[in-house]
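>>> Got a predicted model here, sequence first, then my questions.
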Amino acid sequence: MDLFDHSLDEQLRSQAPLAARMRPQTLDDVVGQQHIIGKGTLLRRAIEADRLFSS
């Protein structure tokens, strides 16, 4: 790791578009959709197992 890597990362994050800064980073950050991505649901298990499917 370089001494300047951290400051560059911080600068890039602070200049990122608002949508990118506010985007949920984990499934737990998604609010109000527990019936879809709550613990134990099909979609959450598929995402955590990295085995997404299409219908």
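Nice, I can see it. All values derive from a computational prediction rather than experimental measurement. Numbering: from 1, shown residues only.

>>> middle-most residue in the protein, spatially?
Nearest to the mean C-alpha position of the chain, by CA atoms, centre = their mean, lies Gln25 at 2.4 Å.

>>> and that residue, what pLDDT?
Gln25 carries a pLDDT value of 86.

>>> how close does it get to Arg13?
12 Å (CB to CB, to the nearest Å). To be clear about C-beta, it is placed using only N, CA and C from the backbone, and glycine gets the same treatment.

>>> repeat for Met22
Distance, Met22 to Arg13, by CB to CB: 12 Å.

>>> same deal with Asp28?
Counting by CB to CB, the gap between Asp28 and Arg13 amounts to 20 Å.

>>> Show me where the chain has its strands.
Ranges of strands in the chain, per DSSP state E: none exist.

>>> what bits of it have low per-residue confidence?
Low-confidence segments of the chain, defined by pLDDT under 70, are located at 1-6, 8.

>>> That one: helices as residue ranges?
Secondary structure of the chain by DSSP state H: the helices cover 5-14, 18-22, 34-37, 42-48.

>>> how about a markdown table for those helices, with mean neighbour count and distance to Ser55 added?
Formatted as a markdown table, the entries for the helices of the chain read as follows, by neighbours: other CB atoms under 10 Å; distance: least, CB to CB, whole Å:
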| stretch | mean neighbour count | distance to Ser55 |
| --- | --- | --- |
| helix 5-14 | 10 | 35 |
| helix 18-22 | 9 | 27 |
| helix 34-37 | 11 | 14 |
| helix 42-48 | 12 | 11 |
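
>>> Relative to Ser54, which of those is closest?
Between Ser54 and those, the tightest spacing by CB to CB is seen for helix 42-48, at 11.0 Å.
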